[in-house]
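*Asks:* Sharing a sequence plus its predicted fold:
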Amino acid sequence: MAPAPLSVVNSSLPVTEGQVAEFAADPVSCMRRLWEAHGDICALQEGAQRLHFVFGPTYTRQVLSDSQRFHSQFFAIRGPRKSAQRRVTSGLLTMNGETHKQHRRIVMGPLQKRAITAYHETVAGLARNYLENWKPGETRDLASEMTQYMLQLTSQLLFGIDMPELAYRIGELTERWVALNHKVGPAAFSSDATTSEDYEKLLRAAEELEVAVKEMVQIRRGGKLGFDVLSLLIRAHDSEVGVTDEQLIGHIVLLFGAAHLTSAHTLTWTLFLLAQHPEVMTGLYQEFQEVLNLQAPQPEDLERMPYLDRVLKESMRVLPASAYSQRIAAENVELGPFQLKRGEAIIFSQFITHHLADLYSQPDQFLPDRWETISPSPYAYLPFGAGPRMCVGAALGMMQLKISLPIMLSQFKFTMVPHSEVNARVMSTMLFPCSTVRAQLSRHDGQFEAAPVSGSIHSMVTLPGKAKSKIRAA
């Protein structure tokens, strides 16, 4: 049965009646309708349950900057106390207060900006190796390829193992587990009971994921511990003031899932946007020629490519890998016109905030040059979140993108398969490609062209018209 349409409640509060299942089915459409009806703060009411939403920098700042009153509770379903689901959800995203601060310091060490330069050659080498079997004339699914690439990179860079098969298995298990969390999770905010069958599937998926993660830990323990994140976590786990078994598993699942999924999606969406905007690709290719001579970037080159920086900022604005996230009121608290009770949920949305016309002119268009003149606040532009819980891997993620994209785009020209279908879907807060993203590879000839595509991607971003447009590099 389709969810009932949203309807505005006739009250003094900005509340809309609807079903939480409708939000889970299509978060972007639901949040857009809520914003159009009420503006920057509102709520979705289903029976006695109420889910609050904040859009734009003002209320987002209030929620994200106050980690004492607004706690993180990323996973709606934690599972029984001794279950694998409880253990794999025990990472940073479910920690608060002093526990979060302590574990954030442990995890952040090898991810800080001054430490990640040592990873540069590993990223460049993996990018070059991954492209070795690619040939001009082939068609590649960018969604699948970028996921596999990031799985290899994540397993080697963060966890010190070079075992693609194990990385792929953990990646597949992670995506299945993420999908089931997305399917089962809304029941925590709804009056509808979660089906026993789906809940049992979630618990089994968590068990399979935990077994694979433990295998990775065992392999890492069997070798010499290095300075990767997993080695650091193992040392902390083994120390007197270290990490518990549950927390070790939780940290690994969170880092592995977040590192490979969000970066893979960002790479996919950036390559897609560039393929559809030949004038932007022309400018970027010229920068690669001038700065890099179409070679792999060196560490000092990463700050010498301002156009690449603008392209990435704009890609993560218009199609952010994380579309929304949530907080829980840790105590009774006032938020705009609402008096929240302890335990009530608040959704904040990177996607909606990034698409507000009063913050960004022509917000649905991919316009990298806007970044020459704008400097939004951290709560108006937040692809990595903001405040004291900002993503610990932001610097590493940007470094990976700034190395990988020049290598890929200097070696091949990417053109979307004409009339192919490109679909996007928000699942468990992340903006997934839920179809193939098929691109044709060719040698560089200085000419870039957009090809018409269909699919739900058109509801996310305004693309050039259906007629092919061509731009030739100087």
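*Replies:* Yep, that arrived.
*Asks:* Wait, residue 297 touches residue 305, no?
*Replies:* Yes - counting by C-beta atoms under 8 Å, residue 305 is a contact partner of residue 297 at 7.5 Å. All C-beta atoms are positioned from the backbone trio N, CA, C, and that covers glycine.
*Asks:* shared neighbours, these two?
*Replies:* Both residue 297 and residue 305 are contacted by 291, 402, 406, under the criterion C-beta atoms under 8 Å, 6 or more residues apart in numbering.
*Asks:* Go through these and name the one nearest residue 277.
*Replies:* Nearest to residue 277 among the shared contacts of residue 297 and residue 305: residue 406, at 17.3 Å, using C-beta to C-beta.
*Asks:* what about the closest one, distance to residue 285?
*Replies:* 10 Å (C-beta to C-beta, to the nearest Å).
*Asks:* Could you do residue 217 as well?
*Replies:* 43 Å.
*Asks:* what about these two, which has more around it?
*Replies:* Between residue 217 and residue 285, counted using other C-beta atoms under 10 Å, residue 285 has the larger neighbour count: 24 against 18.
*Asks:* Three-state assignment for the more buried one, please.
*Replies:* Put simply, residue 285 is helix when judged by DSSP: H, G, I helix; E, B strand; the rest coil.
*Asks:* The one 3 residues further on too?
*Replies:* Secondary structure of residue 288, reduced to three states by three-state DSSP: helix.
*Asks:* just for the stretch 151-300 of the chain, where's the confidence low?
*Replies:* Where the stretch 151-300 of the chain drops to pLDDT under 70, the residues are 186-195, 240-241.
*Asks:* Next: the stretch 351-474 of the chain.
*Replies:* Where the stretch 351-474 of the chain drops to pLDDT under 70, the residues are 465-474.
*Asks:* which stretches of it form strands?
*Replies:* Secondary structure of the stretch 351-474 of the chain (DSSP state E, counting those that start in this stretch): strands located at 413-416, 424-427, 430-433, 438-442, 447-450, 469-472.
*Asks:* Just name the most buried of the ones you listed.
*Replies:* strand 430-433 (a mean of 23; mean count of other C-beta atoms under 10 Å).
*Asks:* Now do that one: which elements does it pack against?
*Replies:* helix 245-276, strand 424-427 (3 or more C-beta pairs under 8 Å, 6 or more residues apart in numbering; DSSP states H and E).
*Asks:* Please save the CA atoms from the last one in PDB.
*Replies:* Translated: strand 424-427. This file holds the C-alpha atoms of strand 424-427, laid out as PDB (Å, rounded to 0.1, in the frame of the first residue of the first chain):
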ATOM      1  CA  ALA A 424      19.900   8.000  -7.500                       C
ATOM      2  CA  ARG A 425      18.400   7.000  -4.200                       C
ATOM      3  CA  VAL A 426      19.000   8.000  -0.600                       C
ATOM      4  CA  MET A 427      19.500   4.900   1.500                       C
END
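*Asks:* gap between that strand and the chain center?
*Replies:* Strand 424-427 has its average C-alpha position 11 Å from the chain's average C-alpha position, going by C-alpha atoms, centre = their mean, to the nearest Å.
*Asks:* can you list the residues that contact the one helix or strand residue 146 maps to?
*Replies:* Using DSSP states H and E, residue 146 sits in helix 142-157. Residues from elsewhere that reach helix 142-157, judged by C-beta under 8 Å, 6+ apart: 119, 122-123, 126-127, 130, 161-164, 166-168, 170-171, 216, 228, 256, 259-261, 263-265, 267-268, 271-272, 396, 400, 404, 414, 433, 435-439.
*Asks:* May I see the buried residues of that helix?
*Replies:* 142-143, 145-157 (16 or more other C-beta atoms under 10 Å).
*Asks:* Likewise for stretch 235-253?
*Replies:* Buried-residue list, stretch 235-253, by 16+ other C-beta under 10 Å: 236, 237, 243, 246, 247, 248, 249, 250, 251, 252, 253.
*Asks:* Reformat these as TSV; add distance to residue 379.
*Replies:* TSV is the format used below for those (distance: C-beta to C-beta, whole Å):
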residue	distance to residue 379
236	32
237	35
243	31
246	32
247	29
248	32
249	32
250	27
251	27
252	30
253	28
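*Asks:* of the residues you listed, closest to residue 33?
*Replies:* Nearest member of the buried residues of stretch 235-253 to residue 33, counting by C-beta to C-beta, is residue 253, at 33.3 Å.
*Asks:* Identify the residue nearest that closest one in space, chain neighbours excluded?
*Replies:* Once flanking residues are discounted, residue 253 sits nearest to residue 88: 4.5 Å by C-beta to C-beta, 6 or more residues apart in numbering.
*Asks:* Residue 440 now?
*Replies:* residue 415 (4.8 Å).
*Asks:* Same check on residue 395?
*Replies:* Sequence neighbours aside, residue 113 is the residue nearest to residue 395 in space, at 4.3 Å (criterion: C-beta to C-beta, 6+ apart).
*Asks:* of all the helices and strands packed on strand 430-433, which lies closest to residue 386?
*Replies:* Short answer: helix 245-276, nearest of the helices and strands packed on strand 430-433 by C-beta to C-beta, at 15.5 Å.
*Asks:* by how many degrees do that closest one and helix 142-157 diverge?
*Replies:* 140 degrees (axes from the mean of the first three to the mean of the last three C-alpha atoms, to 10 degrees).
*Asks:* quick check: angle from helix 245-276 to strand 438-442?
*Replies:* Going by the same axes, to 10 degrees, helix 245-276 makes 60 degrees with strand 438-442.
*Asks:* quick check, distance from helix 245-276 to the centre of its chain.
*Replies:* 6 Å.
*Asks:* What are the buried residues along that helix?
*Replies:* Buried-residue list, helix 245-276, by 16+ other C-beta under 10 Å: 246-276.
*Asks:* Touching, the residue nearest to residue 253 and residue 256? I think so.
*Replies:* No - counting by C-beta under 8 Å, residue 88 stays clear of residue 256, with 10.4 Å between them.
*Asks:* got any residues that touch both of those two?
*Replies:* In contact with both residue 88 and residue 256: residue 213, using C-beta under 8 Å, 6+ apart.
*Asks:* For the stretch 51-200 of the chain, which segments count as strands?
*Replies:* 70-71, 139-141.
*Asks:* highest average neighbour count across those?
*Replies:* strand 70-71 (a mean of 22).
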